[in-house]
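Pasting the sequence and the predicted coordinates here, then a few questions.
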Amino acid sequence: MELHELLTPVVKIARNAGAAILKVYATDFKVESKQDESPLTQADLAAHNCIMAGLRSLTPDLPIISEESGLPDFAERGQWSRYWLVDPLDGTKEFVKRNGEFTVNIALIDNHRPVLGVVYVPVKNITYTGCEGLGSRKISADGNSSSIHVGSHSAKPVRIVGSRSHRSPGIDEFLAKLGNHTMLPMGSSLKFCVIAENGADAYPRLGPTSEWDTAAAQAVVEQAGGKVVTLDGAPMSYNQKSDILNPHFLVIGPSDVDWLGILPKEV
């Protein structure tokens, strides 16, 4: 199937997963801990099952990596040129806090790049999409779809989006060098999406993330005219090493600031 043919059914899959999440969200759910001590709820698993079934039906020949299904050995997945990369519930900590800042992330990776991404925000019933050849769009709760694009110039003061649950020491040095700014704390892949729709200017991430955390939202940002780069300025890529941890990175909306030059030399 062509990319544009995949987009609408993937949006539907993400929304179905979001509905499964909200069913759990409305209950007195239990919180367990995974091996890395990150939280896990029945909502994560319900969304995972929903997405796996939907994608297998849509593209039975494409492999899928989901945060909740374990990581295939690199000897196997290193041979994949195209696959789905999924975070069924990005922002489980925000889910547990019940602040609404969690998302469903589904990305299609092609030759190490996210070429299609869907980010769904269940509590707000808002969908962000990014697809090569189609650009990026925001679908509001009433079904209205509009094109989104990063800003052409940074705001004054510049708007920096940051993690609500993870703050690294290097960020404070970055902000001190940056000078006058507005800080927008936010959870999950929403940090990317707010840049894609010109609600913020940059997002420096100087702490650990995994590839399923970023892929879908990277597609949204890139197709909206922005960049997601590692600290050497290279576009962030996928499935090129045995682990699935991302390097430190920077999400850039307007390119009128030397963002990389402001970052600490050692983080």
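Perfect, I can see it now. Computed from a predicted structure; not experimentally measured.

Pop the domain breakdown of this protein in here.
Domain assignment for the chain by automatic domain parsing gives 3-148, 158-262.

winner for burial among these?
When you average the neighbours per residue for each of the domains of the chain (mean count of other Cβ atoms under 10 Å), domain 158-262 leads with a mean of 20. Yep, even glycine has a C-beta here, placed from its N, CA and C like the rest.

what about that one, average pLDDT?
On average, the pLDDT along domain 158-262 is 94.

what does stretch 99-119 give?
97.

gap between it and the chain center?
Centroid displacement of stretch 99-119 relative to its chain, using Cα atoms, centre = their mean, to the nearest Å, is 5 Å.

From Gly151, how far out is the nearest residue to Leu178 once chain neighbours are set aside?
What sits nearest to Leu178 in space, not counting adjacent residues and going by Cβ to Cβ, 6 or more residues apart in numbering, is Ile262, at 5.5 Å. Ile262 sits at a distance of 18 Å from Gly151 (criterion: Cβ to Cβ, to the nearest Å).

contacting residues for Met1?
With contacts defined as Cβ atoms under 8 Å, 6 or more residues apart in numbering, the neighbours of Met1 are Leu58, Thr59.

Kindly recompute the last result at 7 Å.
Thr59 (Cβ atoms under 7 Å, 6 or more residues apart in numbering).

Let me see the ranges of the strands in the stretch 1-150 of the chain.
32-33, 39-40, 64-66, 82-90, 103-110, 113-121, 126-131, 135-139, 145-148 (DSSP state E, counting those that start in this stretch).

who touches the first one?
Translated: strand 32-33. Residues outside strand 32-33 that contact it (Cβ under 7 Å, 6+ apart): Pro39, Leu40.

Name the strands paired with it and say parallel or antiparallel.
strand 39-40 (antiparallel) (DSSP bridges).

which residues touch the partner strand?
So strand 39-40 is contacted by Val31, Glu32, Ser33, Lys34, Thr92, Lys93, Val96 (Cβ under 7 Å, 6+ apart).

do stretch 131-143 as well
So stretch 131-143 is contacted by 3-4, 7, 115-116, 124-130, 145-148, 196-197, 220, 223-224 (Cβ under 7 Å, 6+ apart).

What's the end-to-end length of it?
Its start and end residues considered, stretch 131-143 measures 18 Å (Cα to Cα, to the nearest Å).

again with stretch 161-178
First residue to last in stretch 161-178 (Cα to Cα) measures 13 Å.

Which residue or residues pair with the residue nearest to Pro72 when sequence neighbours are not counted through a beta bridge?
The shortest distance from Pro72 to any non-neighbouring residue, by Cβ to Cβ, 6+ apart, is to Ile65 (6.9 Å). Going by DSSP bridges, Ile65 is paired in beta bridges with Leu85.

I figured Ile65 hits Pro88, correct?
No: Ile65 lies out of contact with Pro88 (Cβ atoms under 7 Å); the separation is 11.5 Å.

how far away is Thr103 from Ala155?
Between Thr103 and Ala155 the distance is 24 Å, computed by Cβ to Cβ.
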